[in-house]
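Engineer: based on what follows, work out the 3D shape:
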Amino acid sequence: MANKMSDASLLAFARNEVQRSKRWRSNRTGFGFDEQWRRYIDLYSGMHYDAESGTDQLVVNLVFSTVNVMAPAVAINNPRFVVGARKPEEAPQAVVTEEVLNYLWRRNDYQRDFRLAVLDWIIVGHAWLKIGYKSTKKPERKAVDGVINSNASGGSGSEGGEEGIDDRENVDGNVESELNVGVDEDRPFVERISVFDMYVDPDARHPKEMRWIAQRTWRPVVDVQVDSRYSKTQRERVGGSHWSPWDTEDGDGRAGGDSNLQSDKPNKGAISYAEIIEFYDIKRNTVATFAAGADGDSEGGGWLIKPKDIPYASGHPFEMLRNYEVPDHFYPMGDVQQIESLQLELNETRTQMLNYRKKFRRAWMYNKDAFDRDGIRALESDDDNVMIPVVNGEPLSGALMPVPAVITPAEFFDQSVMIQNDMDMVSGVSDYAKGNPQSRTRRTATEAAMIADAANARAQDRLMKIELVLAECGRRIIQLMQQYMTGEQVARVVTLPVNGWVNYDKDYIQGDFDYEVRGGSTEPQNETFRRQSAMQLSDMSAQFVSMGVADPVALYMKLLRDGFGEKDPQRFIVKPESGTHTMPDGSTMADDEMAPPEGGMPPGMPPGMPPGMPPGMPPQGGLQMQPGSDPSLGPPPQELTPELLAMMLAMESGVDPSMAPPPEMMGVPPGMGPM
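Structural biologist: Model (predicted):
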């Protein structure tokens, strides 16, 4: 049996692996990955030229327009998570978990970081998300001369406190968190990590083959030296390896003043930064933290946090978004990489056209002996109907003639259009998707639909990749809550048109679930298409309403809400007169006729009503809360009971109503009803 590696050997291994990854990223056949990624980002931001030249340079930034068509098409809206139980007995927990997950995504604004990651994913070809858990408590702080006392809560030990591995936590002695004093958090977090700050095993061809993964964080040395999570002995040895490029010094070595603008020498007396590496050894299932020294040496000392088991049950906290796969290559391709050369060619072509237009000028050649001073003034004049005297009798064709002008070749315009067509073909983003159809071409509706369908095939491929990553993020979020959540929390119901709340604790979200994202939930909602779909639903349902199968009130509310975006469709419903009620088939019924016979169903109630359904639950379209006081239309808004809300959640999730979540966990404030 092999001997266990010492801490020193593990540290040497971690340092060497990170350096190998850096060399791999920077020395790849003459140009590194980092250089490519920065160039793609510059193309997106419009910085297409390295240096200024003596001539004007035009940038027609189609990379920007292409990326900003792709990104909103897959991540403009919050995802709609669907959680399914793998065991029948866990169906109630799946209903609650689905509501909790959808609420957390909106409440904590995870979509913001996810959209930033989608930009990386399109521009660079991949992106990184970190999904972890924050559990911070308000520390008791003591300030001495403006400096936080690092020993206020036992930070003087040789090792940092058991505060977790997140270096943004609000722990005692951490200067960088001083602005967040008093913030208590107990929740998962999802944040985008820059592609330049993630290092992976250079020998891996896919994330499944990685032996380790690491995240780099730049922190001021003064913050590192007072962070109580780090070993006191080692954190005091940490030195700065980088300085801000905006801190420079003049010839006298003094910082500040306008003279700094003329100096490129960094001011090493200003704030220095340490390169902190959070190293996850996947093979050994451990995590540790160390400071990378300057130029890869070991001046940073030993472990800031010694190796310990990865605290997350799901393993390391990083999730990778991958764009176009390249066989046997770890890093995939992005969309910008394929159109880079076309973008540069388009810029050069349009710049040449500009320079040719600048050369266009009107000039004339004339015979001096044919015109006197008054004749020359008349030639130079811009006035209309000017008389130009000719002194001698020389023919006018020999006295004055135009200088041939330089005209932009007509083929230049054809080249520009050809390049743009090539970019559309390579990227798969047509003029229709950009909202700019070709004005010179008239297309039939069928032809336009075929073009849109061809483009949608690639858009759906991108959307599928995004939905798979979102589902994995949802799985990680719930697993972290199952592991770390304490106490009881409240989630608002966001998947139903009601103002309801779910009270839950760790036990209510325990279980083994399948996670999916409802197809197309992150796509932009086309108003015209949505309204056409609503009208088609209305036309299709007309015969079922007349047969008494469909509920006309629920159908009408759905058309208003889903087809026209009406937030409160109930205000359009006319309340029935007291004593009479309108049934789905159009007939009326008195109050005394609505009372169900003993042991039976109310008259006119469609068959198939679940026996356990509470009185007042609409049989058709039961997920929509009905207005008014008519018993046939369900309870009024102020009577939305926990049992009814639990039943609605169960039906929406496709669960047997008898297996709905316990009513004691469903909270609805008094007086609150449907939205």
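
Engineer: please, where are all the helices along the stretch 401-550 of the chain?
Structural biologist: Applying DSSP state H, counting those that start in this stretch to the stretch 401-550 of the chain gives helices spanning 410-427, 445-484, 527-546.

Engineer: now do the stretch 51-200 of the chain
Structural biologist: Per DSSP H, counting those that start in this stretch, the stretch 51-200 of the chain carries helices over the ranges 62-75, 91-107, 110-123.

Engineer: convert the C-alpha atoms of stretch 99-110 to PDB, please.
Structural biologist: Provided in PDB are the C-alpha atoms of stretch 99-110 (Å, rounded to 0.1, in the frame of the first residue of the first chain):
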ATOM      1  CA  GLU A  99     -41.500  25.800  -5.800                       C
ATOM      2  CA  VAL A 100     -38.500  26.400  -3.600                       C
ATOM      3  CA  LEU A 101     -36.100  26.100  -6.600                       C
ATOM      4  CA  ASN A 102     -38.000  28.400  -8.900                       C
ATOM      5  CA  TYR A 103     -38.400  31.000  -6.100                       C
ATOM      6  CA  LEU A 104     -34.700  30.900  -5.100                       C
ATOM      7  CA  TRP A 105     -33.600  31.500  -8.700                       C
ATOM      8  CA  ARG A 106     -35.600  34.700  -8.800                       C
ATOM      9  CA  ARG A 107     -35.200  35.800  -5.200                       C
ATOM     10  CA  ASN A 108     -31.300  35.600  -5.300                       C
ATOM     11  CA  ASP A 109     -31.100  36.900  -8.900                       C
ATOM     12  CA  TYR A 110     -29.000  33.900 -10.100                       C
END
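
Engineer: between the helices of the stretch 51-200 of the chain, which gets nearest to Gln420?
Structural biologist: helix 62-75 (6.8 Å; C-beta to C-beta). Heads up, the C-betas are built off the backbone N, CA and C, glycines and all.

Engineer: tell me which residues in the closest one are buried?
Structural biologist: Using 16 or more other C-beta atoms under 10 Å as the test for burial, helix 62-75 gives 62-67, 69-71, 73-75.

Engineer: same deal with stretch 496-509?
Structural biologist: Of all the residues in stretch 496-509, those buried under the rule 16+ other C-beta under 10 Å are 496-502, 504, 508-509.

Engineer: can you lay out these as a markdown table showing distance to Asp551 and pLDDT?
Structural biologist: Shown next, in a markdown table, are the buried residues of stretch 496-509 (distance: C-beta to C-beta, whole Å; pLDDT from 0 to 100):
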| residue | distance to Asp551 | pLDDT |
| --- | --- | --- |
| Leu496 | 16 | 74 |
| Pro497 | 15 | 67 |
| Val498 | 17 | 70 |
| Asn499 | 22 | 73 |
| Gly500 | 21 | 80 |
| Trp501 | 27 | 85 |
| Val502 | 26 | 85 |
| Tyr504 | 31 | 89 |
| Tyr508 | 32 | 89 |
| Ile509 | 33 | 91 |
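
Engineer: identify, from those residues, the entry nearest to Asp384.
Structural biologist: Of all those, Asp384 sits closest to Pro497, with 71.6 Å by C-beta to C-beta.

Engineer: for Met198, find the nearest of the helices of the stretch 401-550 of the chain.
Structural biologist: helix 445-484 (15.5 Å).

Engineer: so what's His48 closest to, chain neighbours aside?
Structural biologist: Val59 (5.1 Å; C-beta to C-beta, 6 or more residues apart in numbering).

Engineer: touching, the one you found and Leu346? I think so.
Structural biologist: No. Using C-beta atoms under 8 Å, Val59 is not in contact with Leu346, being 9.2 Å away.

Engineer: which one's more surrounded, these two?
Structural biologist: Taking neighbours as other C-beta atoms under 10 Å, Val59 and Leu346 compare with Leu346 leading, 25 against 17.

Engineer: give the other helices and strands that the host helix or strand of that one contacts.
Structural biologist: Using DSSP states H and E, Leu346 falls within helix 335-359. For helix 335-359, the packing partners by 3 or more C-beta pairs under 8 Å, 6 or more residues apart in numbering; DSSP states H and E come out as helix 33-45, helix 62-75, helix 110-123, helix 410-427.

Engineer: and with 6 Å instead?
Structural biologist: When contacts are defined as 3 or more C-beta pairs under 6 Å, 6 or more residues apart in numbering; DSSP states H and E, helix 335-359 sits against helix 410-427.

Engineer: tilt between the helix it packs on and helix 62-75?
Structural biologist: 30 degrees (axes from the mean of the first three to the mean of the last three C-alpha atoms, to 10 degrees).
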